[in-house]
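Colleague: Okay, here's the prediction I keep looking at, along with the sequence it came from:
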Amino acid sequence: MNDLDALLALLTPEGRALLDEVRDTDPAQELAVATRLRRTHPAGLVSAALGQARLRQRAVAKFGAEDAGRMFFTPNGVEQSTRASVAAYRAGRMAALGVTSVADLCCGIGGDAIALARAGIRVLAVDRDPATATAARANAEALGLEELIEVREADVTEVETRGYDAVFVDPARRGGRGRIFDPEAYSPPLSWAVEAARTVPRAAALKVAPGIPHEAVPEDAEAEWISDGGDVKEAVLWFGGARGAVAPGAVRATLLPGPRTLLGTGLPDPEVRTPGRYLYEPDGAVIRAHLVAEVAEQVGGGLLDATIAYVTADALLPTPYATAYEITDRMPFNVKKLKALLRERRVGTLTVKKRGSAVEPEELRRKVKPQGPHAATVFMTRVAGAPTMLIGHPVGRPARSTPVPGPADQRPPESA
């Protein structure tokens, strides 16, 4: 069965009953379950039900167990749909802008439409793929939101959006060869989405890849990078904003859960300085938004290297926009010396982070063979252009014993 036929079969009473029966099937038992069920059900329907059960299990990470257990998915829909927490945040921004109706163009399986409807917003959800539109319609019904969500199977470039307060566009960013990095190769192209955004009366949001070049952001858009639990999920270009909540040309990084938002202030790049007692690793959304300077200002720090987004400072000034590490040792890149130091400290749990280094973390772990009851973090990076290793631990999670001091020239300066 293709995706559409499988979904249509699962939406029948027999299909829904079969879905309930295979809901908690252990993957290791799938063959035995399939063999048993094919005695009383069509083989294609059994395969569709087991496949949908697997998709629902994968979708729990994005939608939560309760919603994922009732929703319908396609393989691409699970992979490309917006995480529920991110969709809920964006729907909240829409509601705060006074939006009451949205044309959700390229709606996928309906993740954003669901969040918008739960925020009390009426949604026209449009997708040209028959299976995807079928899944979106089934999801609106499964979650009791069919009164607020109208699903239409159509080419979004041919849909009339007049009569809606806002548009949300999530162009396809994958092709036959994988991810698409050129915004004009999106489907539909970013330029079309921007023009559609400029036609609505209240607000518009365009979901784009986090790696979008800053120079590709239109001057009349606000650019927002969003992370969830430390992982960068997407960038959004905002237009309009009748209440002034969208600022053309502004840049922000938003961290979930929270939300916590850091606005750009146009600071110049921080100065490069010698390593201090603390290293701050900015959140990925902060880095993507080019707001490392704002974090450096918050903690009174500078950069380890002009080309690397690690901030160093002498004092501990916690910020939600970066993870702080206390640095205990600094040395030029040398695997043998690192191995000896870790053996001396009895480090068995080693977290390896890299920026500006060609060495892969797993390769380093194999070479140093950490053993012992203690934990440490090693940063493979550059300090003023020189390959360097910094060893320490996250603030609040020290090693389980006081480390043995290393040679004086290996230790960073004490805090001021």
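Modeller: Thanks, I have it.

Colleague: what's around residue 47, how many residues?
Modeller: 16 (other Cβ atoms under 10 Å). (C-beta placed from N, C-alpha, C; glycine too.)

Colleague: Is it correct that it is in contact with residue 34?
Modeller: Yes: assessed by Cβ atoms under 8 Å, residue 47 is found in contact with residue 34 at 7.1 Å.

Colleague: Stretch 334-352: how far from the chain's middle?
Modeller: Centre-to-centre, stretch 334-352 and its host chain are 32 Å apart (Cα atoms, centre = their mean, to the nearest Å).

Colleague: okay, how far is it across that stretch, tip to tip?
Modeller: Using Cα to Cα, to the nearest Å, one end of stretch 334-352 lies 14 Å from the other.

Colleague: What mean pLDDT does it get?
Modeller: Averaging pLDDT along stretch 334-352 yields 95.

Colleague: next one: stretch 179-196
Modeller: Rounded mean pLDDT across stretch 179-196 is 86.

Colleague: Just the pLDDT at the spatially most central residue of the chain, thanks.
Modeller: For the chain, the residue nearest the mean C-alpha position is residue 233 (1.9 Å; Cα atoms, centre = their mean). On the pLDDT scale, residue 233 is placed at 94.

Colleague: Residue 227 is in contact with that one, correct?
Modeller: Yes: at 6.3 Å, residue 233 counts as touching residue 227 under the criterion of Cβ under 8 Å.

Colleague: So what's the residue count around residue 191?
Modeller: Neighbour number of residue 191 under other Cβ under 10 Å is 12.

Colleague: any idea whether it is helix, strand or coil?
Modeller: Residue 191 carries the three-state label helix when classified by DSSP: H, G, I helix; E, B strand; the rest coil.

Colleague: out of everything not next to it in sequence, what's closest to it?
Modeller: Ranked by Cβ to Cβ, 6 or more residues apart in numbering and with sequence neighbours excluded, the top spatial neighbour of residue 191 is residue 184, at 6.3 Å.

Colleague: In a helix, the one you found, correct?
Modeller: Yes: assessed by three-state DSSP, residue 184 belongs to a helix.

Colleague: That one and residue 216, how far apart?
Modeller: For residue 184, the distance to residue 216 equals 9 Å [Cβ to Cβ, to the nearest Å].

Colleague: same question, residue 364
Modeller: Look at residue 364 and residue 216: by Cβ to Cβ, they are 35 Å apart.

Colleague: Of the two, which one has the most company?
Modeller: The neighbour comparison of residue 364 against residue 216 (other Cβ under 10 Å) goes to residue 364, with 20 against 13.

Colleague: List phi and psi for the residue lying closest to that one once chain neighbours are set aside.
Modeller: Of all residues not flanking residue 364 in the chain, residue 352 sits nearest, at 5.4 Å (Cβ to Cβ, 6+ apart). Note on residue 352: its backbone torsions stand at phi -110, psi 130 [degrees, to the nearest 10].

Colleague: which ones are touching residue 352?
Modeller: Contacts for residue 352 (Cβ atoms under 8 Å, 6 or more residues apart in numbering) come out as 361, 364-365, 377-378, 380.

Colleague: And for residue 120?
Modeller: So residue 120 contacts 95, 100, 148 (Cβ under 8 Å, 6+ apart).

Colleague: ends of stretch 174-193, how far apart?
Modeller: End to end - Cα to Cα - stretch 174-193 spans 16 Å.

Colleague: ok, how many other residues are close to residue 54?
Modeller: Count around residue 54 with other Cβ under 10 Å applied: 17.

Colleague: Apart from its chain neighbours, what residue comes closest to it?
Modeller: residue 27 (7.4 Å).

Colleague: For that neighbour, grab the count of nearby residues.
Modeller: 10.

Colleague: Equivalent analysis for the one 4 residues further on, please.
Modeller: Counted by other Cβ under 10 Å, the residues lying close to residue 31 total 10.

Colleague: Name the SS class of it, please.
Modeller: Under three-state DSSP, residue 31 comes out as helix.

Colleague: let's number from 48 now, not from 1
Modeller: In the new count, where the first residue is 48, that last one comes out as residue 78.

Colleague: gap between the residue lying closest to residue 379 once chain neighbours are set aside and residue 277?
Modeller: Distances taken as Cβ to Cβ, 6+ apart put residue 435 closest to residue 379, at 6.2 Å, once the chain neighbours are dropped. To residue 277, residue 435 is 24 Å away according to Cβ to Cβ.

Colleague: Then residue 254?
Modeller: Counting by Cβ to Cβ - residue 254 and residue 277 are separated by 20 Å.

Colleague: One more: residue 303?
Modeller: 10 Å.

Colleague: Please say which of those two ends up with more neighbours.
Modeller: Comparing residue 303 with residue 277 by other Cβ under 10 Å, the one with more neighbours is residue 303, at 19 against 12.

Colleague: and the more buried one, bridged to which residues?
Modeller: Applying DSSP bridges to residue 303 gives these bridge partners: residue 275.

Colleague: Okay, and residue 280 sits in which element?
Modeller: For residue 280, the host element (DSSP states H and E) is strand 278-287.

Colleague: Neighbouring strands - and their directions - for that strand?
Modeller: strand 250-255 (antiparallel), strand 269-275 (antiparallel).

Colleague: Can I get it in CSV? Just the C-alpha atoms.
Modeller: C-alpha atoms of strand 278-287 as CSV (Å, rounded to 0.1, in the frame of the first residue of the first chain):
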residue,chain,number,x,y,z
ASP,A,278,18.7,21.7,20.4
VAL,A,279,18.2,24.3,17.7
LYS,A,280,14.9,23.4,15.9
GLU,A,281,14.2,26.1,13.4
ALA,A,282,14.3,29.8,12.4
VAL,A,283,11.2,31.9,11.8
LEU,A,284,10.9,35.1,9.8
TRP,A,285,8.1,37.3,11.3
PHE,A,286,6.3,40.0,9.3
GLY,A,287,3.8,42.6,10.3
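
Colleague: where's that strand relative to the chain centroid, distance-wise?
Modeller: 10 Å.

Colleague: pLDDT on stretch 327-341, on average?
Modeller: 97.

Colleague: Flag every buried residue along the helix or strand encompassing residue 56.
Modeller: Using DSSP H and E, residue 56 maps to helix 50-57. Buried residues in helix 50-57, counted by 16 or more other Cβ atoms under 10 Å: 50-51, 53-57.

Colleague: Go through these and name the one nearest residue 241.
Modeller: Nearest to residue 241 among the buried residues of helix 50-57 is residue 50, at 30.6 Å by Cβ to Cβ.
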